[in-house]
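**Q** Structure, please.
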Amino acid sequence: MTRQELLNKIASVFRRLQREHDLASRFYEKLSWKLGIPAVALSAITGVAIFATVEREGFFWAQVAAGVISILGAVLSAIQTFLQCPEQSAKHKAAAAAYANLSSKAAAASIQQLNDAACDSLLIELQAQQTKAHADAPNLRASTLKEIHQTLDEIYNDRNG
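**A** Here you go, the predicted structure:
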């Protein structure tokens, strides 16, 4: 495999990592909305229900319903806080941007006529930047990461061959 082919393959892997992090970012954004909106709505309903039933006797079922709704709202809020959806989304966006930058560098270099020494130097630089991007990035699915890292290991090992 030529150095340019290696760079093309690396660019392709970085694009895949970018895509995976973009998808994860969107997932956490949607999950934040799916948990947040019902939590706010349930809290508002609870407030109204409590005021409506405080002064009335004989509305025990309404008080129980208000209590259940209040607990559901609290549970949704707790889950949203625990999962840190907005923070996870932002981290995945940053990782996607880092991998987009790496992909662009590799793709741009693949169309240049670099000599072997310059190409090897660039491959070493890309590998170092990819290692840093991976360390800074939140986790993706284990199966996806295993496949991608196996491909990258093969590429970097082919460089020496």
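
**Q** all helices of the protein, in order?
**A** Here the chain has its helices, by DSSP state H, at 3-54, 60-83, 85-111, 116-136, 142-159.

**Q** Check which helices and strands the first one sits against.
**A** Pointing back at helix 3-54 there. The contact analysis (3 or more Cβ pairs under 8 Å, 6 or more residues apart in numbering; DSSP states H and E) places helix 3-54 against helix 60-83, helix 85-111, helix 116-136, helix 142-159. Bear in mind the C-beta positions are built from the backbone N, C-alpha and C, glycine included.

**Q** Which one of those lies nearest to Lys9?
**A** Smallest distance to Lys9 across those (Cβ to Cβ): 5.5 Å, for helix 142-159.

**Q** From the rest of the structure, what touches the closest one?
**A** With contact meaning Cβ atoms under 8 Å, 6 or more residues apart in numbering, helix 142-159 is reached by 1, 3, 6, 9-10, 13, 16-17, 20, 120, 123, 127, 130, 139.

**Q** If I take it and helix 3-54, what angle do their directions form?
**A** 160 degrees (axes from the mean of the first three to the mean of the last three Cα atoms, to 10 degrees).

**Q** buried sites along helix 142-159?
**A** Ile148, Leu152, Ile155, Tyr156, Arg159 (16 or more other Cβ atoms under 10 Å).

**Q** cool, and stretch 16-27?
**A** So for stretch 16-27, counting by 16+ other Cβ under 10 Å, buried means Arg16, Leu17, Gln18, Glu20, His21, Asp22, Ala24, Ser25.

**Q** Dump those to JSON lines, plus pLDDT and distance to Trp61.
**A** Converted to JSON lines, the buried residues of stretch 16-27 look like this (pLDDT from 0 to 100; distance: Cβ to Cβ, whole Å):
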{"residue": "Arg16", "pLDDT": "91", "distance to Trp61": "54"}
{"residue": "Leu17", "pLDDT": "92", "distance to Trp61": "53"}
{"residue": "Gln18", "pLDDT": "93", "distance to Trp61": "53"}
{"residue": "Glu20", "pLDDT": "91", "distance to Trp61": "49"}
{"residue": "His21", "pLDDT": "93", "distance to Trp61": "48"}
{"residue": "Asp22", "pLDDT": "92", "distance to Trp61": "47"}
{"residue": "Ala24", "pLDDT": "91", "distance to Trp61": "43"}
{"residue": "Ser25", "pLDDT": "93", "distance to Trp61": "43"}
